[in-house]
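J.: using only what follows, build the 3D model:
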Amino acid sequence: MRVFKWLGKKSESQEEPEQSGPTSAEKRRHYRVFLKIPAEIHLAPRQSQHAEVADVSASGARIFTSKKLALKKKVQLDIFASGGRSGEKASLASYVARERPSHDKDTFSYGLTFMDVTNKEQQAMQELLHAHYGIVFEKPSEKRRHYRITCNIPVTYAAPEEEPREGIIQNVSLSGIRISTKEELSRYSEFELTFSLVPEEPMTLKAFVVRSQKLKSVSAYAVGLSYRGLKDEQEEDLKEGLSFQMRRRKGR
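T.: Below you'll find the model as predicted:
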């Protein structure tokens, strides 16, 4: 699951969401996880329609709705917790910045830009997404570009011509993985990782260590790795596994 870059407060005068991270060509290669978060669009007092959030960042969101929206239309987006539209929610003033392609003829897809969102509103949205959907926002200095799914999944890692060792996945995304190990791993050392995001469907990926640090509370190390030479079919398996983990978190 991608971790969103913090873009700060947006001005009403801005007409397009700020784009960050990879170029357009890179975005074609790095798939987004389909979230399907329940939402509601308020067009005017006592006028609203159901929607689903497919992608969200600190500056805007992509939604699906069954009714057509006018471009530049000011709306209020309510993002709901996993309990549904009657429970906890985060509300964000937005406007319809662009229409996006939809594969379903009965569904419309739009990119929304948030307007004059306060720090308190941003914090409420982040806390809701983290608590109910496992989505974490990072600051730009941490240079993350993808959804990051928090989890607790066994993993084996093996250096070339060495016996596999065991660890635990702490979080995983389309660009890398963080695991806990009993030993420190040298930066840039390479490993084959084997794990299952979908039960009984193991995948093996090559990765190299980008950081390793001692955990204070336990006798273990937190190790961040980036994938190396990821093939298209492996990326598809990761995408499917991340989506499965998201659905399981939401009880679907």
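
J.: low-confidence bits of the stretch 51-200 of the chain, can you list those?
T.: 83-85, 136-147 (pLDDT under 70).

J.: and the strands in it?
T.: In the stretch 51-200 of the chain, the strands defined using DSSP state E, counting those that start in this stretch lie at 60-65, 74-80, 89-100, 108-114, 137-138, 149-158, 165-172, 176-181, 190-198.

J.: format those as a markdown table; extra columns: mean neighbour count and distance to residue 240.
T.: (Each C-beta comes from the backbone N, C-alpha and C, glycine too.) Formatted as a markdown table, those follow (neighbours: other Cβ atoms under 10 Å; distance: least, Cβ to Cβ, whole Å):
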| stretch | mean neighbour count | distance to residue 240 |
| --- | --- | --- |
| strand 60-65 | 22 | 20 |
| strand 74-80 | 20 | 24 |
| strand 89-100 | 19 | 22 |
| strand 108-114 | 21 | 21 |
| strand 137-138 | 19 | 24 |
| strand 149-158 | 18 | 13 |
| strand 165-172 | 19 | 13 |
| strand 176-181 | 20 | 16 |
| strand 190-198 | 18 | 7 |
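
J.: among those strands, which is nearest residue 233?
T.: Among the strands of the stretch 51-200 of the chain, strand 190-198 comes nearest to residue 233, with 14.3 Å by Cβ to Cβ.

J.: buried ones in the helix or strand that that closest one is followed by?
T.: Sequence order places strand 201-214 as the next helix or strand after strand 190-198, per DSSP states H and E. Under the neighbour-count criterion of 16 or more other Cβ atoms under 10 Å, strand 201-214 has 203, 205, 207, 209, 212 buried.

J.: what are the pairing partners of strand 201-214, and which direction each?
T.: Paired strands of strand 201-214, with direction, are strand 190-198 (antiparallel), strand 221-227 (antiparallel) (DSSP bridges).

J.: okay, those strands in JSON lines with distance to residue 92 next?
T.: Below are those laid out as JSON lines (distance: least, Cβ to Cβ, whole Å):
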{"stretch": "strand 190-198", "distance to residue 92": "30"}
{"stretch": "strand 221-227", "distance to residue 92": "31"}
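
J.: in the longest helix seen in the chain, what's buried?
T.: Taking DSSP state H as the criterion, the chain has its longest helix at helix 232-249. Along helix 232-249, these residues count as buried under the neighbour rule (16+ other Cβ under 10 Å): 235, 237-246, 249.

J.: quick one: which two of these are the most distant?
T.: 235 and 249 (21.2 Å).

J.: how close does residue 236 sit to residue 249?
T.: Distance, residue 236 to residue 249, by Cβ to Cβ, to the nearest Å: 21 Å.

J.: mind listing what residue 247 touches?
T.: Residues in contact with residue 247 (Cβ atoms under 8 Å, 6 or more residues apart in numbering): none are found.

J.: residue 126 versus that one, what's the distance?
T.: Distance of residue 247 to residue 126, given as Cβ to Cβ: 21 Å.

J.: same question for residue 118.
T.: Residue 118 is 13 Å from residue 126, where distance means Cβ to Cβ.

J.: tally of neighbours for residue 119?
T.: Neighbour count for residue 119, taken as other Cβ atoms under 10 Å: 9.

J.: do residue 66 as well
T.: By other Cβ under 10 Å, 12 other residues sit near residue 66.

J.: mind giving me the domain ranges of this protein?
T.: With domains defined by automatic domain parsing, the chain comprises 7-137, 149-249.

J.: gap between the shortest one and the chain center?
T.: Between the mean C-alpha location of domain 149-249 and the chain-wide mean there is a distance of 17 Å, by Cα atoms, centre = their mean, to the nearest Å.

J.: gap between the two ends of it?
T.: End-to-end span of domain 149-249 (Cα to Cα, to the nearest Å): 10 Å.

J.: again, but for stretch 100-120
T.: The first residue of stretch 100-120 is 29 Å away from its last residue (Cα to Cα).

J.: just give me the neighbour total for the closest residue to residue 122 other than its chain neighbours.
T.: For residue 122, ignoring the flanking residues on the chain, the nearest one in space by Cβ to Cβ, 6 or more residues apart in numbering is residue 58 at 6.4 Å. A count of nearby residues for residue 58, using other Cβ under 10 Å, gives 22.
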